[in-house]
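**Q** kindly generate the corresponding structure for this input.
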Amino acid sequence: MKVFLRLSWALMLLFSATVAQAATETARSTPIERVISKRALVVTWGQFSEKYLLYLGNGCGTLTEGQRVSISARNQLDGGDNDTVQVDAYRRCAIVRADLFDTELTVTTVFQSSNRVVVIDPNGLEQTLFFDARCHAIRGYQGERLYALTGGSIDPGDRLYLPNNDGFCSITYVQPALVEPAETPRGDVTRPSVVGNVKAVAENGRVFLSWRAAQDNVAVSHYLISVSDGKINTRSELSADAMPNVTRTTETKAVLDGLNNDETHFIYLAAVDTSGNLSAHWTEVIAFPRSGTFRSGSATVEGIGLQIAEQNDRFIRLSWAKPVGDFNYQLTLRSGEKLIWKEDFSKRSTLQLVNRSAYSGLPMTLTVTRYNHYGFVDRQIISFQFD
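**A** Take a look at the predicted model:
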């Protein structure tokens, strides 16, 4: 009898653990943005349309760009906890590694005898990056892409990822980009930079877009937004006339209404300067509105209420409303465009920052984004600095 009771108790514990683990699993369908090799690809995934570099195990077979797959992740997408890619009813493979990134770099020159490489950054400018010894395989990436988590600007300490599970490392030094020559008597022929740091939040029949302001040697006039039902090869130069459904805006954000739900929309952005010069290529972002997506402004919950609760010479304490029910927060702390700290699926309602010399005099921002299982609800940003 004792043996039977112990066995029954053990089975109950095992069943409870299995149910608890399954409860945290998230499965989402997403199109493949780029196939790097048979086992390496780039996708946009998650509540906030973040980009991931994936390295897969055996079993998924041949994959193509634009093909939809189902990604399942427990807790977070990181290649652990049996994260998987489901291609169809017969093909499924494990995610061996998943790296969050926000910057793509194209390698133009490698140096076989030193730890440095020349790349083209998202603004179309050349940068020389020095890296630690863990990225020794980078010397085989001439003409290929690298992926980095930079928070908006490339700085020492940023993480650099190599496709095909070839490793990752830290950037140790960045040589300043070359400055474009001043305007010549032939007129302004310098292109504005490529639009970078594009974010897309899909809702019911609409997409909210935001991006970093482009740079130009004179001034940026406006931005062009193109929406397509199919993927466009933007590696070649394309004029505005060659792009479908083009609209323009002078701001660094836009709302695209009237989109079909449950369909993939390929969105492209480019900057135009005051002389009519277009960015060297269009920046792509993918969105997938759903009919069940939570619509901003229709929530009956209280506001976030982000505020500075206490501030003195030693620390700053920020506070906001406690999450209720199935609501969670994404917390992002930045200094300028530099990402300092980020926390997903957060249930906290306070953050205390100790005054450090590294923060003194720097403008800081904390972004608190609230969402539930339907998606984005609302967002609040507060700015502060240590004296």
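**Q** name the helix or strand of the chain that has the lowest mean pLDDT.
**A** Every helix and strand in the chain was compared by mean pLDDT, DSSP states H and E; the lowest is helix 2-23, with a mean of 43.
**Q** doesn't Asn312 make contact with Leu353?
**A** No: at 11.7 Å, Leu353 and Asn312 do not qualify as touching, with contact defined as C-beta atoms under 8 Å. For every residue, glycine as well, the C-beta is placed using N, CA and C.
**Q** which stretches in the stretch 101-250 of the chain count as strands?
**A** Taking DSSP state E, counting those that start in this stretch, the strands of the stretch 101-250 of the chain run over residues 103-110, 116-120, 126-131, 145-149, 159-162, 167-175, 196-203, 206-212, 220-228, 246-249.
**Q** could I get the ones you listed as TSV with mean pLDDT and distance to Glu343?
**A** Shown next, in TSV, are these (pLDDT from 0 to 100; distance: least, C-beta to C-beta, whole Å):
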stretch	mean pLDDT	distance to Glu343
strand 103-110	85	21
strand 116-120	85	30
strand 126-131	84	27
strand 145-149	86	15
strand 159-162	86	17
strand 167-175	83	21
strand 196-203	82	18
strand 206-212	85	20
strand 220-228	92	31
strand 246-249	88	32
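**Q** I'd like these laid out as TSV, including mean neighbour count.
**A** Formatted as TSV, the entries for the strands of the stretch 101-250 of the chain read as follows, by neighbours: other C-beta atoms under 10 Å:
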stretch	mean neighbour count
strand 103-110	18
strand 116-120	19
strand 126-131	18
strand 145-149	20
strand 159-162	21
strand 167-175	15
strand 196-203	20
strand 206-212	18
strand 220-228	18
strand 246-249	13
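**Q** closest to Pro323 out of those?
**A** The closest approach between Pro323 and any of those, judged by C-beta to C-beta, belongs to strand 196-203 at 18.7 Å.
**Q** quick one: that closest one to strand 206-212, angle?
**A** Taking axes from the mean of the first three to the mean of the last three C-alpha atoms, to 10 degrees, one finds strand 196-203 and strand 206-212 inclined to each other by 160 degrees.
**Q** got any ranges where the protein has weak pLDDT?
**A** Counting by pLDDT under 70, the chain contains low-confidence residues at 1-25, 151-152, 176-186, 235-237, 291-303, 325-326, 357-358, 371-378.
**Q** mind giving me the domain ranges of it?
**A** For the chain, the structural domains run 26-101, 104-175, 198-287, 307-384, going by automatic domain parsing.
**Q** sorry, back to before: got a markdown table for the strands of the stretch 101-250 of the chain, with distance to Pro323 too?
**A** Compiled in a markdown table, the strands of the stretch 101-250 of the chain are given as follows (distance: least, C-beta to C-beta, whole Å):
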| stretch | distance to Pro323 |
| --- | --- |
| strand 103-110 | 30 |
| strand 116-120 | 40 |
| strand 126-131 | 39 |
| strand 145-149 | 26 |
| strand 159-162 | 29 |
| strand 167-175 | 32 |
| strand 196-203 | 19 |
| strand 206-212 | 21 |
| strand 220-228 | 33 |
| strand 246-249 | 33 |
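**Q** which one of these lies nearest to Ile95?
**A** Of all the strands of the stretch 101-250 of the chain, the one in closest proximity to Ile95, counting by C-beta to C-beta, is strand 159-162 (14.4 Å).
**Q** that closest one packs against which elements?
**A** Contact here means 3 or more C-beta pairs under 8 Å, 6 or more residues apart in numbering; DSSP states H and E; on that basis strand 159-162 packs against strand 92-101, strand 145-149, strand 167-175.
**Q** closest to Ser70 out of the ones you listed?
**A** The closest of these to Ser70 is strand 92-101. By C-beta to C-beta, the value is 9.0 Å.
**Q** and the angle from that closest one to strand 145-149?
**A** Using the same axes, to 10 degrees, strand 92-101 lies at 70 degrees relative to strand 145-149.
**Q** centre of the chain versus strand 92-101, how much separation?
**A** In this view, strand 92-101 has its centroid 15 Å away from the chain centroid, taken as C-alpha atoms, centre = their mean, to the nearest Å.
**Q** buried ones in that strand?
**A** For strand 92-101, burial by neighbour count (16 or more other C-beta atoms under 10 Å) applies to 92-93, 95-101.
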